[in-house]
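[1] Have a look at this prediction, sequence included:
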Amino acid sequence: MRLFIAILPDETMRQSLADLQQAMKEKGIRGRYTDPFNLHVTLAFIGDYQPEPVMDVLAEIPFEAMELVPEGILRFRDLYACELREPPELSAYVRRLRHALAEQGIPFDRKAFRPHITLVRRADAKRQEYPLLDIPATVMKAERVSLMRSQPGRNGMVYTEIGAVPDGNG
(Lines give C-alpha, C1' and ligand atoms only; values in the text may rest on other atoms or scores of the structure.)
Protein backbone atom coordinates (compact mmCIF):
# COMPACT_ATOMS: atom_id res chain seq x y z
CA MET A 1 0.00 0.00 0.00
CA ARG A 2 1.53 3.38 -1.06
CA LEU A 3 1.47 5.70 1.93
CA PHE A 4 2.31 9.27 2.79
CA ILE A 5 1.82 11.53 5.80
CA ALA A 6 0.11 14.83 5.14
CA ILE A 7 -1.83 17.80 6.39
CA LEU A 8 -5.11 18.21 4.52
CA PRO A 9 -6.48 21.69 3.86
CA ASP A 10 -9.67 22.70 5.61
CA GLU A 11 -12.70 23.41 3.43
CA THR A 12 -12.05 27.16 3.26
CA MET A 13 -8.45 26.65 2.11
CA ARG A 14 -9.50 23.91 -0.32
CA GLN A 15 -12.01 26.29 -1.94
CA SER A 16 -9.44 29.12 -2.10
CA LEU A 17 -6.97 26.80 -3.81
CA ALA A 18 -9.65 25.53 -6.22
CA ASP A 19 -10.38 29.18 -7.08
CA LEU A 20 -6.65 29.73 -7.67
CA GLN A 21 -6.58 26.71 -9.97
CA GLN A 22 -9.51 28.15 -11.91
CA ALA A 23 -7.65 31.46 -12.26
CA MET A 24 -4.64 29.54 -13.56
CA LYS A 25 -6.79 27.84 -16.17
CA GLU A 26 -8.18 31.23 -17.19
CA LYS A 27 -4.59 32.52 -17.59
CA GLY A 28 -3.98 29.68 -20.05
CA ILE A 29 -1.94 27.32 -17.89
CA ARG A 30 -2.49 23.83 -19.22
CA GLY A 31 -1.54 20.69 -17.37
CA ARG A 32 -2.81 18.01 -15.01
CA TYR A 33 -4.64 19.88 -12.26
CA THR A 34 -4.78 18.28 -8.83
CA ASP A 35 -8.32 17.36 -7.85
CA PRO A 36 -9.31 19.76 -5.03
CA PHE A 37 -10.04 16.75 -2.80
CA ASN A 38 -6.46 15.51 -3.36
CA LEU A 39 -4.80 18.78 -2.25
CA HIS A 40 -2.44 18.30 0.69
CA VAL A 41 0.90 19.21 2.28
CA THR A 42 3.19 16.17 2.23
CA LEU A 43 5.21 15.79 5.42
CA ALA A 44 6.77 12.43 4.55
CA PHE A 45 6.31 10.15 1.52
CA ILE A 46 6.69 6.54 2.60
CA GLY A 47 5.76 4.47 -0.43
CA ASP A 48 4.80 0.79 -0.16
CA TYR A 49 4.45 -0.08 3.51
CA GLN A 50 1.95 -1.31 6.07
CA PRO A 51 -0.09 1.43 7.78
CA GLU A 52 -0.08 0.10 11.37
CA PRO A 53 3.56 0.87 12.24
CA VAL A 54 3.23 4.32 10.66
CA MET A 55 0.10 5.08 12.71
CA ASP A 56 2.02 3.96 15.82
CA VAL A 57 4.72 6.54 15.06
CA LEU A 58 2.12 9.25 14.39
CA ALA A 59 0.46 8.52 17.72
CA GLU A 60 3.81 8.93 19.54
CA ILE A 61 4.79 12.31 18.06
CA PRO A 62 2.74 15.16 19.55
CA PHE A 63 1.24 17.50 16.98
CA GLU A 64 0.15 20.99 17.99
CA ALA A 65 -2.34 22.96 15.91
CA MET A 66 -0.77 25.73 13.82
CA GLU A 67 -1.65 28.19 11.10
CA LEU A 68 -0.51 27.62 7.54
CA VAL A 69 -0.35 30.72 5.36
CA PRO A 70 0.01 30.79 1.55
CA GLU A 71 3.11 32.74 0.61
CA GLY A 72 3.42 32.53 -3.14
CA ILE A 73 3.30 30.44 -6.27
CA LEU A 74 6.21 28.12 -6.82
CA ARG A 75 7.08 26.88 -10.29
CA PHE A 76 9.55 24.05 -10.58
CA ARG A 77 10.05 22.57 -14.02
CA ASP A 78 6.55 21.44 -15.05
CA LEU A 79 4.92 21.83 -11.63
CA TYR A 80 3.00 24.71 -10.05
CA ALA A 81 2.42 24.76 -6.30
CA CYS A 82 1.13 27.09 -3.63
CA GLU A 83 4.11 27.68 -1.38
CA LEU A 84 3.34 27.98 2.33
CA ARG A 85 5.12 30.00 4.98
CA GLU A 86 7.03 27.52 7.12
CA PRO A 87 6.25 28.11 10.78
CA PRO A 88 9.07 26.94 13.10
CA GLU A 89 6.71 24.53 14.86
CA LEU A 90 5.99 22.77 11.54
CA SER A 91 9.69 22.37 10.77
CA ALA A 92 10.28 20.98 14.26
CA TYR A 93 7.35 18.56 13.93
CA VAL A 94 8.56 17.26 10.55
CA ARG A 95 12.08 16.72 11.97
CA ARG A 96 10.69 14.77 14.96
CA LEU A 97 8.36 12.77 12.71
CA ARG A 98 11.07 11.82 10.23
CA HIS A 99 13.48 10.95 13.02
CA ALA A 100 10.87 8.65 14.60
CA LEU A 101 10.16 7.00 11.23
CA ALA A 102 13.89 6.37 10.74
CA GLU A 103 14.24 4.96 14.28
CA GLN A 104 11.46 2.47 13.54
CA GLY A 105 13.06 1.48 10.24
CA ILE A 106 10.16 2.89 8.21
CA PRO A 107 11.50 4.07 4.85
CA PHE A 108 10.60 7.53 3.57
CA ASP A 109 11.71 9.95 0.89
CA ARG A 110 14.43 12.08 2.46
CA LYS A 111 14.04 15.10 0.21
CA ALA A 112 14.28 18.38 2.07
CA PHE A 113 10.93 19.52 3.43
CA ARG A 114 9.50 22.59 1.73
CA PRO A 115 5.84 23.18 2.62
CA HIS A 116 3.71 23.47 -0.48
CA ILE A 117 0.49 22.23 -2.03
CA THR A 118 0.84 20.99 -5.61
CA LEU A 119 -1.74 22.58 -7.89
CA VAL A 120 -0.67 21.50 -11.40
CA ARG A 121 1.60 18.77 -12.68
CA ARG A 122 2.86 18.45 -16.24
CA ALA A 123 2.23 22.12 -16.87
CA ASP A 124 2.84 23.31 -20.40
CA ALA A 125 6.64 23.41 -20.56
CA LYS A 126 6.57 25.71 -23.61
CA ARG A 127 5.00 28.51 -21.61
CA GLN A 128 7.82 30.91 -20.73
CA GLU A 129 6.02 33.71 -18.95
CA TYR A 130 5.00 33.35 -15.35
CA PRO A 131 1.43 34.69 -15.00
CA LEU A 132 0.53 37.07 -12.20
CA LEU A 133 -1.78 35.26 -9.82
CA ASP A 134 -3.44 36.40 -6.62
CA ILE A 135 -2.33 34.29 -3.70
CA PRO A 136 -5.20 33.12 -1.48
CA ALA A 137 -5.50 35.34 1.60
CA THR A 138 -6.93 32.38 3.50
CA VAL A 139 -5.15 31.19 6.62
CA MET A 140 -5.60 27.52 7.38
CA LYS A 141 -5.54 26.11 10.88
CA ALA A 142 -3.89 22.70 10.70
CA GLU A 143 -5.37 20.63 13.49
CA ARG A 144 -4.43 17.08 12.54
CA VAL A 145 -1.96 14.96 10.64
CA SER A 146 -3.25 12.27 8.29
CA LEU A 147 -1.90 8.98 7.02
CA MET A 148 -2.90 8.77 3.37
CA ARG A 149 -3.09 5.95 0.86
CA SER A 150 -2.29 6.70 -2.78
CA GLN A 151 -3.70 4.48 -5.48
CA PRO A 152 -4.31 4.82 -9.22
CA GLY A 153 -7.83 5.79 -10.21
CA ARG A 154 -9.71 6.28 -13.43
CA ASN A 155 -8.62 9.94 -13.75
CA GLY A 156 -5.29 9.92 -11.93
CA MET A 157 -4.24 9.16 -8.39
CA VAL A 158 -6.81 8.86 -5.62
CA TYR A 159 -5.76 9.81 -2.10
CA THR A 160 -7.67 8.33 0.83
CA GLU A 161 -7.21 9.14 4.48
CA ILE A 162 -6.74 5.86 6.36
CA GLY A 163 -5.90 7.32 9.75
CA ALA A 164 -5.35 10.64 11.50
CA VAL A 165 -3.94 12.04 14.72
CA PRO A 166 -5.51 15.23 16.07
CA ASP A 167 -3.50 17.97 17.71
CA GLY A 168 -2.61 17.45 21.36
CA ASN A 169 -5.38 19.80 22.46
CA GLY A 170 -8.11 17.96 20.53
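    The structure has been received and is ready for your questions.
[2] contacts and neighbour counts: CA atoms only from here.
    Will do.
[3] Low-confidence ranges, the protein, go.
    125-132, 168-170 (pLDDT under 70).
[4] The spatially most central residue of it and residue 137, how far apart?
    The chain has residue 41 as the residue nearest its centroid, 1.6 Å off, counting by CA atoms, centre = their mean. Residue 41 sits at a distance of 17 Å from residue 137 (criterion: CA to CA, to the nearest Å).
[5] I figured the residue nearest to the centre of the chain hits residue 4, correct?
    No - Residue 41 is beyond contact range of residue 4, at 10.1 Å (criterion: CA atoms under 8 Å).
[6] Residue 95 looks like it's in a strand, true?
    No - Residue 95: not assigned to a strand; according to DSSP: H, G, I helix; E, B strand; the rest coil it is helix.
[7] For it, grab the count of nearby residues.
    Around residue 95 there are 14 other residues, counting by other CA atoms under 10 Å.
[8] and the gap between it and residue 134?
    Residue 95 is 31 Å from residue 134, by CA to CA.
[9] same deal with residue 94?
    28 Å.
[10] Compare those two (neighbour count), which wins?
    Comparing residue 94 with residue 134 by other CA under 10 Å, the one with more neighbours is residue 94, at 17 against 11.
[11] and the closest residue to the more buried one other than its chain neighbours, what does it touch?
    In space, residue 94 comes closest to residue 43 once its chain neighbours are excluded; the distance is 6.3 Å by CA to CA, 6 or more residues apart in numbering. Going by CA atoms under 8 Å, 6 or more residues apart in numbering, residue 43 touches 4-7, 94, 113, 115.
[12] Now with 7 Å, please.
    By CA atoms under 7 Å, 6 or more residues apart in numbering, residue 43 lies in contact with 5-6, 94.
[13] and what of residue 141?
    65-68.
[14] let's see it at 8 Å
    Applying CA under 8 Å, 6+ apart, the residues near residue 141 are 10, 65-68.
[15] From the residues you listed, list just the buried residues.
    65-66, 68 (16 or more other CA atoms under 10 Å).
[16] thinking again about what came up before, now do the same for the residue nearest to residue 94: helix, strand or coil?
    Three-state call for residue 43 (three-state DSSP): strand.
[17] Relative to residue 110, how far out is it?
    For residue 43, the distance to residue 110 - CA to CA - is 10 Å.
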